[in-house]
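> when you get a sec, could you give me coordinates for this:
(chains A, B and C)
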Amino acid sequence: MPRPSRESYGDQKPPYSYISLTAMAIWSSPERMLPLSEIYRFITDRFPYYRRNTQRWQNSLRHNLSFNDCFVKVPRRPDRPGKGAYWTLHPQAFDMFENGSLLRRRKRFKLQKGEKDNLNAELAALASFNRAFLARQAGAPPPPPVLPTATMYTPPMCQQLSPEPAELPEVATITMLPRERPRRAFTIDALLEPEPPRSPPSPTMPRLAIPMPSPYMLAAQRYHAELLQVAAHVLRPCYIPPPPLPVA
DNA sequence: AATTGTTTATGCGAAC
DNA sequence: GTTCGCATAAACAATT
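Alright, predicted model coming up:
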């Protein structure tokens, strides 16, 4: 008897919500972020059910992406042009599913107004950063970056990776840490397997408080570090442009 | 023009 | 009986 696997759904509708399917796709990617088209592809590759009626479910999925706070739209990095942004999971939404099971969701993930504002401020900063990058590449003088006035501070992610250049503009960052480590391996196969028996509910179950950067944070760290390296040149007050790059 | 993203509305089943 | 999570439809804006 074949063990139940992701293939065994065949043409049947898999028991996962769009939120689960999308989270699955995002988790499965090396950078923990994907453009919309890749999310579609992940789903149709694995679940034949979704190879039909694509208009219908893709509309629903897009609705889920922008409606739910657990998904974050990250501006596409300027060196990877293309259509649409990258989608990732909010760091705090990482433990959205009980025990890491995609079949059991905790209560709906909703950001508070302030949290949402902060996040939007950071994403706006990132976007304007990208614009500056592109303007610089196009040979135009870089426009003054439009940075949020509310919270200006140094991204801790850059401190980790490289010493902080003093003259860099400060960029808002995501301050949240994951609430708790997932208790189940975040591999697609592990997530698609039937759930392990739940441990008996213990009122004194210890809560791990280890601050653990989510994959999203790690990817964002790399991304920011790369951008800031460029920015360190672009935005230096007495910036002397390097010789133009050889045209390929 | 096609794709991507946002928003509003409605209905259904389960949980509270 | 109300609330919550989810699916679906649809209108529309923005982006490429």
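> so where's chain A uncertain?
A:1-8, A:98-102, A:104, A:106, A:133-248 (pLDDT under 70).
> for it, which residues are neighbours of DNA strand C?
Contact residues (CB under 7 Å from any atom of the strand) of chain A with DNA strand C: A:16-19, A:56-57, A:59-60, A:62-64, A:76, A:81-83, A:105, A:107-108. Backbone N, C-alpha and C define where each C-beta goes, glycine included.
> give me the buried subset of the residues you listed.
A:Y16, A:Y18, A:I19, A:W57, A:N64, A:R76, A:R105 (16 or more other CB atoms under 10 Å).
> with adjacent residues omitted, what lies nearest to the last one?
This means A:R105. Distance criterion CB to CB, 6 or more residues apart in numbering; nearest residue to A:R105, sequence neighbours excluded, is A:F97 at 5.5 Å.
> the fourth one now?
Closest residue in space to A:W57, ignoring its immediate chain neighbours: A:Y50 at 5.8 Å, by CB to CB, 6+ apart.
> cool, the third one as well?
Distance criterion CB to CB, 6+ apart; nearest residue to A:I19, sequence neighbours excluded, is A:N64 at 5.8 Å.
> helices and strands around whichever strand or helix holds that neighbour, which ones?
Here A:N64, judged by DSSP states H and E, is contained in helix A:54-67. With contacts taken as 3 or more CB pairs under 8 Å, 6 or more residues apart in numbering; DSSP states H and E, helix A:54-67 sits against helix A:18-28, helix A:36-46, strand A:71-74.
> can you do 7 Å?
Helix A:54-67 sits against helix A:18-28, with contacts defined as 3 or more CB pairs under 7 Å, 6 or more residues apart in numbering; DSSP states H and E.
> that older thread, right, and the residue nearest to A:R105 touches A:L89 too?
No. Counting by CB atoms under 7 Å, A:F97 does not reach A:L89; the two are 10.6 Å apart.
> more crowded one of these two?
Taking other CB atoms under 10 Å, A:F97 and A:L89 do not tie; A:L89 has more neighbours (22 against 19).
> which residues does that one bridge with?
A:F71 (DSSP bridges).
> tell me the contacts of it?
If you count contacts by CB atoms under 7 Å, 6 or more residues apart in numbering, A:L89 has them with A:A23, A:I26, A:C70, A:F71, A:V72, A:Y216.
> how much space separates it from DNA strand B?
14 Å (CB to the nearest atom of the strand, to the nearest Å).
> likewise A:R52?
16 Å.
> ok, that residue to A:I19 distance?
21 Å (CB to CB, to the nearest Å).
> how about the lengthiest helix in chain A: buried residues?
As assigned by DSSP state H, the longest helix anywhere in chain A is helix A:113-137. Neighbour-count burial for helix A:113-137, counted by 16+ other CB under 10 Å, picks out A:115, A:118-119, A:121-123, A:125-126, A:128-133, A:136.
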